[in-house]
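# Predicted model and sequence follow; I will ask about them next.
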Amino acid sequence: MSSVTTDGQHNIGYLCTRGQCEAGRSDRVALRFITPSLERHDYTFADLDGLTNRFANALATLGFGKGDMFFTFLPKAVPQFVAFLGALKLEVVAGTLFSNFGEEAILDRLGDASAKGVITKKSFVKKIAAVRDRMPALRWIIVIDSDRHLADDILSYDRLMAESSHEFTVPRTSPDTPAILHYTSGSTGKPKGVLHVHRAVLSHTATAAGVLGLRQNDVYWCTADQGWVTGTSYGIVGPWNLGVTQIQFAGSYNPESWFRILDEERVNVWYTAPTALRMLMREEPDFYSRFSLPSLRTIFSVGEPLNPEVIAWIRRTFSRDIFDTWFQTETGAIMIANRPGQEIRPGAMGKPVDGIEAAIVSDEGDPVADTVTGNLCVRAGWPSMFVTYLNNPEVYAGKFKNGWYYSGDKAYRDPDGYFWFVGRSDDVINTAGHLISPFEIESTLLEIEEVAEAGVVGVPDEILFEKVVAFVALHRKYGYSQELELKIRLYVTHKLSSVATPHDVVFVEDIPKNKSGKIMRRVLKARYLGTDAGDISTLEV
Ligand code: ATP
Ligand code: MG
């Protein structure tokens, strides 16, 4: 079903638009864009092809060419998809920025990448302008919400599109051509510019078919923002290269709208994140009885460990399974996953996907025995493997040893080949000589009725080396009490062990998360210790 053409055309922009038309899908809806008030706007593959051709022509007229860097800096909007694929058609590298970024975060990314252009909206131009003198490579700003050019170098998208031809001949693009640039979520430090090439489409497509199980007439919804890798690999490239109709919802998180969309749009496959699911779990069960989700075949999750309690809640509430998937910006596509047809072990991420060799490897580069915690590694050379960290070749080189790519996550494999996430290398807690997974403690805390969210960190301790500190946010109807604190401690002792028992339980309103929804444990740790949390440009506020 993949439409990677036999003549070796790897151009992602081409494959997701013209390639689909050539495969007979011109009139099929590619993009169903849903506004916050739930109005729909449909675009067929032929529409997308014409629009992206116009955008490629517009960029060419402005002097863009192969290898130049162009970014989208937009909330969900149709031009974001047009610009992304249009730039790729011209062999311009397409980068995406999360729309809430402030000045410094913009500088860290557009400046680092020497971006030559960015598409945004009028109200964001100020943020770019504030740091523009420190981004000498930035020539062009295109705005989507003005029908006239605002300055010599701040141009109207509508005008550029109207003045450009809808015909464009996409060059035959070799697999090694740079394509997509993402900055990582910045959960552990300063975000890094991760570059992928057009060859990555092979992994996106194979996993969209083989793991997500997308079929040609499916309606599919990936809730990720296009600023993150999931939003491009599985919110643009893989599904469109399979001819699938994608929902894109411009509204913010809202259980009512989300479930109406799943129901009314007859979504077949839904790809979301644990943080969203944990929020949905806060709704009363009655709320969900209104939705039958008639067409929903499968639900997938990515971005953080999928807590067993979430799996149990989905089973209880929707009589369905949810499948965890593991990947990173650097891997570009899903590497390890649960999927239909393979028994789910709640708490495990699943098994490596077809064509991927994953292993737990020692610091010295040798695979370790089953059940031993070590570095989660992938055998280098899969198609969507990143090709560099921009401006950081040494850090890139340091990620490989003996042919293994070191993901920076710790995990173990059980004797049946399932991989169990333990933590990011920096987050794993070393207490009294035991290695403890913060995720395991968090998942246990979520089983307690009063607890809505939890974040667990290890902080330095003279005797234990590190001690366990748990931050918990309670469901709205509960409040702090000493008994509850005791209950929490006893529960963890009973379920896990005394070494996992939190020395301190800190009650908070909310757990700090970054903009892609991940718990920011280093922020919790810094708060507890009263130290500086470092780069917090991706902190959700
Ligand atoms: P940075 O590298 O800047 O600290 P980040 O690692 O959060 O940011 P991403 O590439 O978006 O940036 O996230 C990938 C990471 O997310 C993985 O390395 C892993 O730690 C976590 N992750 C993703 N999926 C899963 C999953 N299914 N289970 C557990 N952890 C996951
Ligand atoms: Mg990372």
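Structure received. Ligands and ions are numbered 1, 2, ... in the order given.

# Tell me the residues of this structure that contact ligand 1?
184-189, 191, 228-229, 302-305, 324-326, 328-329, 349, 407-409, 421, 424, 516, 518 (C-beta under 6 Å from any ligand atom). All C-beta atoms are positioned from the backbone trio N, CA, C, and that covers glycine.

# Do I have it right that Arg172 meets Asp7?
Yes: with contact defined as C-beta atoms under 8 Å, Arg172 reaches Asp7; the gap is 7.3 Å.

# In terms of neighbours, single out the busier of the two.
Neighbours of Arg172 and Asp7, each counted by other C-beta atoms under 10 Å, are more numerous for Arg172; the result is 12 against 6.

# Next one: that one, what pLDDT does it get?
pLDDT recorded at Arg172 is 97.

# ditto for Asp532
For Asp532, the predicted pLDDT is 82.

# Can you tell me the closest non-neighbouring residue to it?
Among residues not flanking Asp532 along the chain, Ala526 sits closest, at 6.3 Å (C-beta to C-beta, 6 or more residues apart in numbering).

# now whichever strand or helix holds that neighbour: mean pLDDT?
Element membership for Ala526 (DSSP states H and E) is helix 521-529. The predicted model assigns helix 521-529 a mean pLDDT of 92.

# Then stretch 479-496?
Average pLDDT, stretch 479-496: 93.

# what does it rub up against?
Around stretch 479-496, the neighbours that count as contacts under C-beta atoms under 8 Å, 6 or more residues apart in numbering are 440-441, 444-445, 447-448, 450-451, 470, 472, 474, 478, 500-502, 505, 507.

# in the stretch 251-400 of the chain, which spans are helices?
Along the stretch 251-400 of the chain, the segments classed as helices by DSSP state H, counting those that start in this stretch run 255-264, 274-280, 285-288, 308-318, 393-397.

# hey, which of these is tucked in deepest?
helix 274-280 (a mean of 19; mean count of other C-beta atoms under 10 Å).

# what helices or strands is that helix leaning on?
Applying 3 or more C-beta pairs under 8 Å, 6 or more residues apart in numbering; DSSP states H and E, we find helix 274-280 packed against helix 255-264, helix 308-318.

# run the last query once more with 10 Å
Judged by 3 or more C-beta pairs under 10 Å, 6 or more residues apart in numbering; DSSP states H and E, the packing partners of helix 274-280 are helix 255-264, strand 298-301, helix 308-318, strand 322-326, strand 451-461.

# which residues does the nearest residue to Leu202 once chain neighbours are set aside contact?
Spatial nearest neighbour of Leu202, chain neighbours left out: Pro383 (4.0 Å); criterion: C-beta to C-beta, 6+ apart. Contact analysis of Pro383 by C-beta atoms under 10 Å, 6 or more residues apart in numbering lists 10, 175, 196-206, 332-333, 355.

# Just the buried ones from these?
10, 175, 196-206, 332-333 (16 or more other C-beta atoms under 10 Å).

# Tell me which entries of those lie within strands.
If you go by DSSP state E, the buried ones among the contacts of Pro383 have His196, Val197 in strands.

# And the furthest pair within the buried ones among the contacts of Pro383?
Within those, Val197 and Ala206 form the most distant pair, 15.8 Å apart (C-beta to C-beta).

# about what we covered before: can you tell me which of the contacts of Pro383 is nearest ligand 1?
Of all these, ligand 1 sits closest to Gly332, with 9.8 Å by C-beta to the nearest ligand atom.

# In contact with the residue lying closest to that closest one once chain neighbours are set aside, which residues?
Nearest non-adjacent residue to Gly332, counting by C-beta to C-beta, 6+ apart: Ser384, 3.0 Å away. Taking C-beta under 10 Å, 6+ apart as the criterion, Ser384 is in contact with 180, 196-197, 199-207, 229, 233, 237-238, 327, 330-335.

# please redo it, this time with the cut-off set to 7 Å
When contacts are counted by C-beta atoms under 7 Å, 6 or more residues apart in numbering, Ser384 is found next to His196, Ala200, Ser203, His204, Thr331, Gly332, Ala333.

# likewise Met279?
By C-beta under 7 Å, 6+ apart, the contact set of Met279 is Tyr253.
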